[in-house]
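> the following comprises the amino acid sequence and a computationally predicted model.
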Amino acid sequence: MATRKFLISFPIFLFFYLLQEAFVTQMRLPAGGFNLFLIVALIWAAMSTPEIGALAGFGTGLLMDLSQSSPGPVGHWTLVMILVGFAVAFLGYGDDNVRANPMNFVVLVAGGVFVSQLLFLILGLMLGQEIGSVAQVIFVLIGTAFWSALVTPIILPIVSRIHAAVFGTSSRI
């Protein structure tokens, strides 16, 4: 990604990070709620090349590690977001059928949220974190994926237009 595009992308991610930290974390939704910043990062990755998806995952993971609500050590979210950002971008980049249908983006992003939180959980267990009961963990994972599937269609047109403006492409969603 060119330096100019990276420098333009950073304030956009910082805005959504601050929106997540200031407002979304204050909402108490059942079944875990949603993470707006994670959804925006995965939409951005799904619209990009795998290299840009991994780079966006690195930046968003680093910001998520700096969050006060992050329970893991620094670098935990960064590793997870690099892997998931690359995977989502890889799945979305190669197939024009994914990019042509907004419903595919919703499924890809909701699945990415589920996988990223599951990977965060598994790596957290390997690092010695305590998680809680299995039923509670499954309930929160499914609930977060459900809320993400509801929020993604609302956020998708906004992020699509911002992504198109930054990368100079036409928005197809």
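Noted; the coordinates are in hand. Numbers count the residues shown, from 1 in each chain.
> quick one: low-confidence ranges for this protein?
1-2, 95-99, 169-173 (pLDDT under 70).
> mind running it again at 90?
Residues of the chain meeting the criterion pLDDT under 90: 1-10, 21-35, 47-49, 52-53, 66-75, 91-105, 127-134, 137, 163-173.
> give me the most central residue, it.
Leu38 (2.8 Å; Cα atoms, centre = their mean).
> name the element that one belongs to?
Assigned by DSSP states H and E, Leu38 falls within helix 36-46.
> which of the helices or strands spans the nearest residue to Val74 once chain neighbours are set aside?
In space, and not counting its chain neighbours, Val74 is closest to Asp65: 4.8 Å by Cβ to Cβ, 6 or more residues apart in numbering. (Glycine included, C-beta is placed from N, CA and C.) Assigning secondary structure by DSSP H and E places Asp65 in helix 50-66.
> buried set for stretch 127-145?
140-141, 143-145 (16 or more other Cβ atoms under 10 Å).
> just give the nearest non-adjacent residue to Val113, would you?
Per Cβ to Cβ, 6+ apart, closest to Val113 is Ser148, 4.3 Å.
> Ala110 touches Pro153, doesn't it?
No - if you go by Cβ atoms under 8 Å, Ala110 and Pro153 don't touch, sitting 10.3 Å apart.
> which of those two has more neighbours?
Ala110 (22 against 14; other Cβ atoms under 10 Å).
> spit out the contact partners of the more buried one.
145-146, 148-149, 152 (Cβ atoms under 8 Å, 6 or more residues apart in numbering).
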